[in-house]
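1. Sequence first, then the predicted structure, then my questions.
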Amino acid sequence: MTSELMRVLVVDDSRIFRGVLEEALAGCSDLKVVGSVWSGEKALEFAKQSLPDFVTLDIEMPGLGGLATLRALRALAADKNKSLGVLLVSSHTRRGAAVTIEGLQEGAFDFLTKPEGPNQQANLAALREQLSAKLAAYRSRRGSRNAAPQVATAVPVAASVPRKSRFSAVVIGASTGGPEALARLLPSVAPYCPVPMFLVQHLPPDFTGYFSTSLARRCGSAVVEAQDGMIAQPKHLYVAPGGRHLVLHSTDSRLVMKLSDTPPENGCRPAVDVLFRSAALACNGQVLAVVLTGMGNDGAKGSVVMKRAGAHVIVQDEATSVVWGMPGSTMAAGAAHEVLPVDEIGTAILSHLGLRR
């Protein structure tokens, strides 16, 4: 890992919140706030003169908005062949949720929501905790990458007539970096998948509905937020709602979804481990599991259960993961059958399902 201080640029149209962010960042080691600006235009001016390593970016600003600023910053970093992390700063609004999802799919490293509690000191502590965890994850990634990753887009292609496959469902788990990975992976898989697919992507409750709608638009197929009692259908992707675990049950040879408010696992609800354990049981091990980029180790224990039950587990490789926490811990647990770049996972899924692209 580099020993140099990470250079951080703060971008927010609120002078007060810029100050709050700077104060929170002052409590984080190994970084230096090198600039604090109030607009996307000013952020680009700064970055053209001296590209920072990391940017906290308000996504709802007048003038050049957050998404346009994100795209321009990433293009600038790519031109300079440099790595740039962008952390989206979002509000708890409908507009904030929708734009955040789009930004994550376009390559933002991660996001945080502005604390809105009545106690300013508690808000500052919560913000500092969020920043510390996300910056630590980015630093670990930065240490193993020197250049900006190439951005690729998955192109849907026709699949052949299916051969017989033993798998009755596909389950996917993702966290940090997941929206971008899924936007690349799913358009080439979801329209052709002959079995139901289930997804846990770590997101807050207000975000998963917009996330499902965005995936449906990108895939051109049925992507819906899971509901309690819903019966799974082929060629459908079901997204676990934020704040609730997604549990699968087998009833009369049909997969039925249940939503649970049991305590978080691995600090997460929904948790990948909960979905994976239930799928292993409900499908009698006839499951294809995929663990994508993400912070932490959610999915590792569930993948061990999957493998013992007879499931097949694919994990995303380190080189194409934003954070290799979840895939890496799954591999370390001995639960991975395959370790693949994100752009090869779609081909592998279809092949295991008896389809050839």
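-> Nice, thanks for sending it over.

2. How many residues are close by residue 177?
-> 28 (other C-beta atoms under 10 Å). Yep, even glycine has a C-beta here, placed from its N, CA and C like the rest.

3. Report the contact partners of it.
-> 109-110, 292-294, 321-323 (C-beta atoms under 8 Å, 6 or more residues apart in numbering).

4. Name the helix or strand for the closest residue to residue 179 other than its chain neighbours, please.
-> Nearest non-adjacent residue to residue 179, counting by C-beta to C-beta, 6 or more residues apart in numbering: residue 104, 3.7 Å away. Element membership for residue 104 (DSSP states H and E) is helix 94-105.

5. just the CA coordinates of that helix, formatted as PDB?
-> Taking C-alpha atoms only, helix 94-105 is exported to PDB below (Å, rounded to 0.1, in the frame of the first residue of the first chain):
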ATOM      1  CA  ARG A  94     -36.600  10.100  -3.700                       C
ATOM      2  CA  ARG A  95     -34.400  12.200  -6.000                       C
ATOM      3  CA  GLY A  96     -31.400  11.500  -3.900                       C
ATOM      4  CA  ALA A  97     -32.000   7.700  -4.000                       C
ATOM      5  CA  ALA A  98     -32.500   7.600  -7.800                       C
ATOM      6  CA  VAL A  99     -29.500   9.600  -8.600                       C
ATOM      7  CA  THR A 100     -27.300   7.700  -6.200                       C
ATOM      8  CA  ILE A 101     -28.300   4.400  -7.800                       C
ATOM      9  CA  GLU A 102     -27.400   5.800 -11.200                       C
ATOM     10  CA  GLY A 103     -24.100   7.100 -10.000                       C
ATOM     11  CA  LEU A 104     -23.100   3.700  -8.400                       C
ATOM     12  CA  GLN A 105     -23.900   2.000 -11.600                       C
END
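
6. Quick one: mean pLDDT for it?
-> Helix 94-105 shows a mean pLDDT of 89.

7. Counting by contacts, list what it packs against.
-> helix 66-79, strand 85-90, strand 110-113, helix 178-185, helix 208-219 (3 or more C-beta pairs under 8 Å, 6 or more residues apart in numbering; DSSP states H and E).

8. how about those in JSON lines, adding distance to residue 328 and mean neighbour count?
-> Shown next, in JSON lines, are those (distance: least, C-beta to C-beta, whole Å; neighbours: other C-beta atoms under 10 Å):
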{"stretch": "helix 66-79", "distance to residue 328": "25", "mean neighbour count": "18"}
{"stretch": "strand 85-90", "distance to residue 328": "19", "mean neighbour count": "24"}
{"stretch": "strand 110-113", "distance to residue 328": "17", "mean neighbour count": "22"}
{"stretch": "helix 178-185", "distance to residue 328": "15", "mean neighbour count": "26"}
{"stretch": "helix 208-219", "distance to residue 328": "24", "mean neighbour count": "20"}
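
9. Give me the domain ranges for the protein.
-> 6-142, 169-352 (automatic domain parsing).

10. Now residue 336: closest residue in space, sequence neighbours ignored.
-> Looking at residue 336 with C-beta to C-beta, 6+ apart, the closest residue is residue 315, at 4.5 Å.

11. With residue 61 instead?
-> Here the residue nearest residue 61, using C-beta to C-beta, 6+ apart, is residue 13, at 4.5 Å.
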